[in-house]
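Chemist: Pasting the sequence and the predicted model now:
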Amino acid sequence: MEMKKKAGLFQVAASLALVAGVAATAPAIAHHSFALYNMEQTLMFTGVVTRVNPDANHLQIFFAPMNEERKNVQRGEDGKPVIWAVEMTGSAQAAADGISVGTFPPGTIFSVGLHPLRSGEKAGARVNPGSIYKCPEKKPPAPGMQCDSVEGHVTIGGGQLPGAAPAR
């Protein structure tokens with residue numbers, strides 16, 4: 001009988017340890033909330049893709065915003081292009097929506113609205129629902145315009161470009 005009691009206590013202790021371990025790791029693997037983003041602010045960008053990170057949790061497109069004249073990208077004081085990132089849904093969902101490494105190779109000109117990070121870092125979440133507009137290859141929009149104004153553009157995703165303040 002004493003052996004059964006000890007075995008039972010061991011099973012209970014092991015179960016509690018397992019539950020405690022799962023509970024302790026839950027915040028580490030939990031999906032982050034949109035509290036990171038300023039959902040009340042929307043920035044509009046037309047930029048040039050520098051790379052795509054097809055992370056399983058959130059696909060990200062890294063891009064250099066174009067200047068207002070749409071002739072070059074914005075540059076920092078060091079002369080290097082300013083780089084922003086826009087976060088999408090998971091890679092599988094993004095691919096189903098037509099957003100992937102293959103559809104956004106480096107050099108692609110596109111327009112997107114995003115909610116910027118509250119931290120001030122140069123990144124944000126794609127406005128949802130909101131479309132991404134790809135300009136035809138090597139055909140940027142006219143000064144101050146977005147890719148949805150260029151003949152032959154491709155629309156990806158539902159919705160339209162949000163009425164938004166242009167990026168700083």
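Modeler: Looks like it came in fine.
Chemist: quick one: contacts for the residue lying closest to Gly76 once chain neighbours are set aside?
Modeler: Residue nearest to Gly76 in three dimensions, not counting chain neighbours: Val82, with 5.4 Å by C-beta to C-beta, 6 or more residues apart in numbering. Yep, even glycine has a C-beta here, placed from its N, CA and C like the rest. Val82 makes contact with 64-65, 73-76, 122 under the criterion C-beta atoms under 8 Å, 6 or more residues apart in numbering.
Chemist: Can you pull out the low-pLDDT segments for this structure?
Modeler: 1-34, 129, 158-160, 163-168 (pLDDT under 70).
Chemist: Domain map for this protein?
Modeler: Following automatic domain parsing, the chain resolves into domains at 2-30, 36-166.
Chemist: so what secondary structure elements neighbour the lengthiest strand in the chain?
Modeler: In terms of residue count, the longest strand belonging to the chain (DSSP state E) is strand 43-53. Contact analysis of strand 43-53 by 3 or more C-beta pairs under 8 Å, 6 or more residues apart in numbering; DSSP states H and E lists strand 60-65, strand 84-87, strand 109-116, strand 165-166 as its packing neighbours.
Chemist: Among the contacts of Val82, name the buried ones.
Modeler: 64-65, 73-74 (16 or more other C-beta atoms under 10 Å).
Chemist: What residues sit buried inside the longest strand of the chain?
Modeler: By 16+ other C-beta under 10 Å, the buried positions in strand 43-53 come out as 43-50, 52.
Chemist: send the alpha carbons of it over as CSV?
Modeler: Presented in CSV, the C-alpha positions along strand 43-53 are these (Å, rounded to 0.1, in the frame of the first residue of the first chain):
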residue,chain,number,x,y,z
LEU,A,43,1.5,55.5,-42.2
MET,A,44,1.4,55.1,-46.0
PHE,A,45,4.5,53.9,-47.8
THR,A,46,5.7,53.4,-51.3
GLY,A,47,9.0,51.6,-51.1
VAL,A,48,11.5,49.2,-52.7
VAL,A,49,11.8,45.7,-51.3
THR,A,50,15.3,44.9,-49.8
ARG,A,51,14.4,41.4,-48.5
VAL,A,52,11.5,39.3,-47.3
ASN,A,53,11.7,37.3,-44.1
